[in-house]
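K.L.:
Okay, predicted coordinates and the sequence, questions at the end:
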Amino acid sequence: MSIRISGVNKSFGDFAALTDIDLDLPSGQLTALLGPSGGGKSTLLRIIAGLELGDTGTVEIEGVDATRLPARKRNVGFVFQHYAAFRHMSVADNVGFGLRIRKRPKAEIAARTQEMLELVHLAQFADRLPAQLSGGQRQRMALARALAIEPTVLLLDEPFGALDAKVRKELRDWLRRLHDEVSVTTVFVTHDQEEALEVADRIVVINNGRVEQEGTPDQLYDEPAGEFVMGFLGPVTTLQGHLVRPHDLEVETHPFGAAVAGHVERLTRIGFEVRLDVSVAGEPVPVLVTLTRADAARKALAEGSDVWILPVPGASRVAITGQVPLAAEDDLAAPAR
Ligand SMILES: Nc1ncnc2c1ncn2[C@@H]1O[C@H](COP(=O)(O)OP(=O)(O)OP(=O)(O)O)[C@@H](O)[C@H]1O
């Protein structure tokens, strides 16, 4: 285990930012800390980095107790959302900065800088100033700088958060490939569930200062530990006291099995999908069902259709206990995936 966090608590005044955090983050893997704003992700990352000290607990990095080690002795590389580059230094000098302050020989600095610039595909921009790069290129420069010191651990705090959706997606794919190439233990903070599901080997869901669940993307998606995790990972709807995913509901225009009867109140086409708002006796709000256009056409579904709905076998379902899933409403308003 590369990073072991045991019994960490952290309060700011009487506000508990982190409560009883125990985590093992495996060597060489890409782990996402995922959760809503204010949940404590950045605080945990800063404690791993040594930029913040927990009130209790320990942090071990590669078997070494790092709890009381200052940040510069932990051998971590760090990239923040808004990367603060040295504006008067060239891209190459920015990348080599960490090596210069560590007083490495000049030839080594030059070679390593070149290697890093090639890794992040910025070699042709070595002599530019950071202001002459695009936002995405600047974040790649930041990654090159963090990696130049050969860190044991690479920590990224919403590294692509400030970029537009398309560049973000490109960098996300690129980070995954980069990680596979250099395979340094990487922990990144995100509040974007799609980013975490796509990129990470492991996901730790953090909410209200606590770990809600950790596991592989598939484990979390297939077996969410509760309402919060299920609601945070994508669109959900409510049927018979359970949360279920709208695309996991089978819909027919005739009764079948244990299906419940309903009435299509609204039919919306969104790209290749069709979304149905189905009123069901006993349900306070319409049940949401998504299916493909072809499926909807084949079944001749229309507003006003009488339908029967049932979760498909093996669908993830979570019993509702009263806690409102945070992401659900936004996700329902957005085009279903
Ligand atoms: N230095 C501080 N002093 C007081 N409160 C703080 C401090 N740092 C963080 N907090 C509080 O601790 C909570 C957790 O903050 P943190 O930045 O870790 O959350 P986060 O999950 O990373 O959120 P975001 O995605 O918005 O950055 C927040 O409520 C924040 O206001």
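P.N.:
Ah, there it is.
K.L.:
contact partners of whichever strand or helix holds Ile47?
P.N.:
Under the criterion of DSSP states H and E, Ile47 resides in helix 41-49. The contact list for helix 41-49, computed with CB atoms under 8 Å, 6 or more residues apart in numbering, reads 3, 5, 8, 10, 17-18, 21, 33-35, 52-54, 59, 61, 71, 74, 76, 78, 153, 155, 157, 187, 189, 191, 206. To be clear about C-beta, it is placed using only N, CA and C from the backbone, and glycine gets the same treatment.
K.L.:
what does the stretch 201-337 of the chain put close to the ligand?
P.N.:
Applying CB under 6 Å from any ligand atom, we find that the stretch 201-337 of the chain lies next to the ligand at no residue.
K.L.:
Tell me where the model's unsure across the stretch 201-337 of the chain.
P.N.:
322-337 (pLDDT under 70).
K.L.:
ranges for the helices of it?
P.N.:
Counting by DSSP state H, counting those that start in this stretch, the stretch 201-337 of the chain has helices at residues 217-222, 227-232, 293-298, 328-333.
K.L.:
Out of those helices, flag the one nearest Glu198.
P.N.:
Nearest to Glu198 among the helices of the stretch 201-337 of the chain is helix 217-222; the distance by CB to CB comes to 8.0 Å.
K.L.:
ok now the closest one, how far from the chain's centre?
P.N.:
Here the centre of helix 217-222 is set off from its chain's centre by 13 Å, with CA atoms, centre = their mean, to the nearest Å.
K.L.:
same thing with stretch 238-248?
P.N.:
The chain centre lies 23 Å from the centre of stretch 238-248; the measure is CA atoms, centre = their mean.
K.L.:
So among the contacts of helix 41-49, which ones count as buried?
P.N.:
The neighbour-count criterion (16 or more other CB atoms under 10 Å) marks 3, 5, 8, 10, 17-18, 21, 33-35, 52, 54, 59, 61, 74, 76, 78, 153, 155, 157, 187, 189, 191, 206 among the contacts of helix 41-49 as buried.
K.L.:
Pull the helix or strand where Ile5 lies out as CSV, backbone CA atoms only.
P.N.:
Element membership for Ile5 (DSSP H and E) is strand 3-12. What follows is strand 3-12, C-alpha atoms only, in CSV (Å, rounded to 0.1, in the frame of the first residue of the first chain):
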residue,chain,number,x,y,z
ILE,A,3,-0.6,5.8,1.0
ARG,A,4,-2.1,4.7,4.2
ILE,A,5,-4.3,7.1,6.1
SER,A,6,-5.4,6.0,9.6
GLY,A,7,-7.8,7.7,12.0
VAL,A,8,-7.5,11.2,10.5
ASN,A,9,-9.9,13.9,11.9
LYS,A,10,-9.7,17.5,11.0
SER,A,11,-11.7,20.4,12.3
PHE,A,12,-11.6,24.1,11.5
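K.L.:
Can you tell me the strand partners of that strand and which way each runs?
P.N.:
Using DSSP bridges, strand 3-12 pairs in its sheet with strand 15-25 (antiparallel), strand 56-61 (antiparallel).
K.L.:
chain center to that strand, what's the gap?
P.N.:
20 Å.
K.L.:
and it with the ligand, contact?
P.N.:
Yes: Strand 3-12 reaches the ligand (CB under 6 Å from any ligand atom) through Phe12.
K.L.:
Rebuild the helices of the stretch 201-337 of the chain as TSV, extending it with distance to Arg100 and mean neighbour count.
P.N.:
Converted to TSV, the helices of the stretch 201-337 of the chain look like this (distance: least, CB to CB, whole Å; neighbours: other CB atoms under 10 Å):
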stretch	distance to Arg100	mean neighbour count
helix 217-222	39	17
helix 227-232	42	24
helix 293-298	58	13
helix 328-333	45	15
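K.L.:
of all the ones you listed, which lies closest to Asp201?
P.N.:
Taking the helices of the stretch 201-337 of the chain one by one with CB to CB, helix 217-222 is closest: 8.1 Å.
K.L.:
What helices and strands are in contact with that closest one?
P.N.:
helix 193-199, strand 202-207 (3 or more CB pairs under 8 Å, 6 or more residues apart in numbering; DSSP states H and E).
K.L.:
Is the residue nearest to Ser2 when sequence neighbours are not counted within a helix or a strand, and which one?
P.N.:
In space, and not counting its chain neighbours, Ser2 is closest to Ser27: 3.7 Å by CB to CB, 6 or more residues apart in numbering. Applying DSSP H and E as the criterion places Ser27 outside every helix and strand.
K.L.:
How is Thr186 assigned, secondary-structure-wise?
P.N.:
What DSSP: H, G, I helix; E, B strand; the rest coil gives for Thr186 is strand.
K.L.:
Contact partners for it?
P.N.:
Neighbour list for Thr186: Gln29, Leu30, Thr31, Val153, Leu154, Leu155, Leu156, His179 [criterion: CB under 8 Å, 6+ apart].
K.L.:
Same list (those) but as CSV, adding distance to Ala142.
P.N.:
CSV is the format used below for the contacts of Thr186 (distance: CB to CB, whole Å):
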residue, distance to Ala142
Gln29, 21
Leu30, 17
Thr31, 19
Val153, 16
Leu154, 11
Leu155, 12
Leu156, 9
His179, 15
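K.L.:
Which one of those is nearest to Val274?
P.N.:
Of the contacts of Thr186, the one sitting nearest to Val274 (CB to CB) turns out to be Leu30, at 35.2 Å.
K.L.:
For the closest one, grab the count of nearby residues.
P.N.:
Using other CB atoms under 10 Å, Leu30 is surrounded by 25 other residues.
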